[in-house]
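Asker: this one's structure only:
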């Protein structure tokens, strides 16, 4: 029977939530790696039992773990991240631009077709690839060699490469998003990169169309239309019809254009989800009401989804990687909060239920559809 596995990364380890296709009863295991900061874990689209995890233990540094049985058991894999053939575990320096510190892996993106190939987005902004199941990692040096790199500045969370999007129809194309530099695209499998930020603006940047310096919080796409991108920016929700060549604002009637997460319905490419927050300093739901907003028109009009969500005295945040959708016939939507709650909807957001509460603050939520 088909079902789902929800992978939840928290400040104090990982939790796995498994259910059948009805998604009414949940088997919950964890914490896996209790006490470790689990920045991100994600399953392979090519092999449902393969899961990669990025965790940090403070003085123990950055670790990558891999599971081949759906998270029941784990093994430490290579934590050797190479820059131009030189091994660097905690700090590197390329000799020409600036000192680049290797602090952590923010995001893991397994290949769409090969369970042993996985990409990693790091801080300071770098993207790596492993083709041996995470044993060894090699940087796409062209990204930090890009001409704008000396002017990149960190956001509040650091100079983090937090989003990686793979193009299913053009395997040599990839998008990455960096806070607070912007969006970059490669069309030659990572050899060269260029900024694709035309139409984006940020407060305090005097040029009308800056190429970098944009605080992008997350980007998303539907795999059936990989040239259409959606973005939750530090301010504004944005849309691109041309693979990032230009962007247009689609914040519409949202109560706030600030937020972190954005995602796309599994079967409806024009249906997108965001969770607005009050702004840069407060970072909680407007009026203390936790509301997911859905647009069925690609961002032109938005509706508040509230059934089952707290509508008073709620002051949690939803992190950039803390929402995901499944691909079952009735699309499921899931998100986690800084208060440790995981909410699920089995009908595309119309109704929500609390799957589990009182977890440590949630950093990431990913879903594997099990067939």
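Answerer: Thanks, I have the structure now. Small disclaimer: the values here were computed from a predicted structure and weren't measured.

Asker: which stretches of the stretch 251-371 of the chain form strands?
Answerer: Here the stretch 251-371 of the chain has its strands, by DSSP state E, counting those that start in this stretch, at 258-264, 272-277, 292-295, 303-305, 323-325, 333-336, 342-345, 353-356, 362-370.

Asker: to residue 46, which of those strands lies closest?
Answerer: Residue 46 lies closest to strand 362-370 among the strands of the stretch 251-371 of the chain, at 11.4 Å (Cβ to Cβ). Every residue, glycine included, has its C-beta placed from N, CA and C.

Asker: between the strands of the stretch 251-371 of the chain, which gets nearest to residue 68?
Answerer: strand 362-370 (13.5 Å).

Asker: which other helices and strands does that closest one contact?
Answerer: strand 3-10, strand 37-43, strand 323-325, strand 333-336 (3 or more Cβ pairs under 8 Å, 6 or more residues apart in numbering; DSSP states H and E).

Asker: for the closest residue to residue 105 other than its chain neighbours, which residues make a bridge with it?
Answerer: Counting by Cβ to Cβ, 6 or more residues apart in numbering, residue 105 lies nearest to residue 54, which is 4.1 Å off, once chain neighbours are set aside. Here residue 54 sits in beta bridges with residue 40, residue 64, as judged by DSSP bridges.

Asker: so residue 54 makes contact with residue 61?
Answerer: No. Between residue 54 and residue 61 there is no contact, the gap being 11.6 Å when judged by Cβ atoms under 8 Å.

Asker: of these two, which one has the most company?
Answerer: residue 54 (26 against 13; other Cβ atoms under 10 Å).

Asker: for residue 165, pull up the helix or strand it's in.
Answerer: Using DSSP states H and E, residue 165 sits in strand 160-166.

Asker: pLDDT on that strand, on average?
Answerer: Here strand 160-166 scores 97 as its mean pLDDT.

Asker: angle of that strand against strand 258-264?
Answerer: With axes from the mean of the first three to the mean of the last three Cα atoms, to 10 degrees applied, the angle from strand 160-166 to strand 258-264 works out at 20 degrees.

Asker: most packed of the helices and strands packed on strand 362-370?
Answerer: Mean neighbour count, computed with mean count of other Cβ atoms under 10 Å, is highest for strand 333-336 among these, reaching a mean of 27.

Asker: so what strands line up beside that strand?
Answerer: strand 323-325 (antiparallel), strand 342-345 (antiparallel).

Asker: to residue 201, which of those strands lies closest?
Answerer: Smallest distance to residue 201 across the strands paired with strand 333-336 (Cβ to Cβ): 25.0 Å, for strand 323-325.

Asker: neighbouring contacts of that closest one?
Answerer: The contact list for strand 323-325 (Cβ atoms under 8 Å, 6 or more residues apart in numbering) reads 6, 261-266, 273, 275, 331-336, 365-367.

Asker: the same query, at a cut-off of 6 Å, please.
Answerer: The contact list for strand 323-325 (Cβ atoms under 6 Å, 6 or more residues apart in numbering) reads 261, 263, 266, 331, 333-335, 365-367.

Asker: in TSV: these, plus distance to residue 243 and pLDDT.
Answerer: TSV is the format used below for the contacts of strand 323-325 (distance: Cβ to Cβ, whole Å; pLDDT from 0 to 100):
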residue	distance to residue 243	pLDDT
261	22	97
263	19	98
266	21	97
331	25	97
333	26	98
334	28	98
335	27	98
365	27	98
366	24	98
367	25	97
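
Asker: among those residues, which one is most surrounded by other residues?
Answerer: Most surrounded of the contacts of strand 323-325: other Cβ under 10 Å gives residue 365, at 28 neighbours.

Asker: just curious, which of the contacts of strand 323-325 is nearest to residue 131?
Answerer: residue 366 (21.4 Å).

Asker: so who does the closest one touch?
Answerer: 7, 42, 324.

Asker: and residue 75, how far from residue 256?
Answerer: In this view, residue 75 and residue 256 are 43 Å apart by Cβ to Cβ, to the nearest Å.
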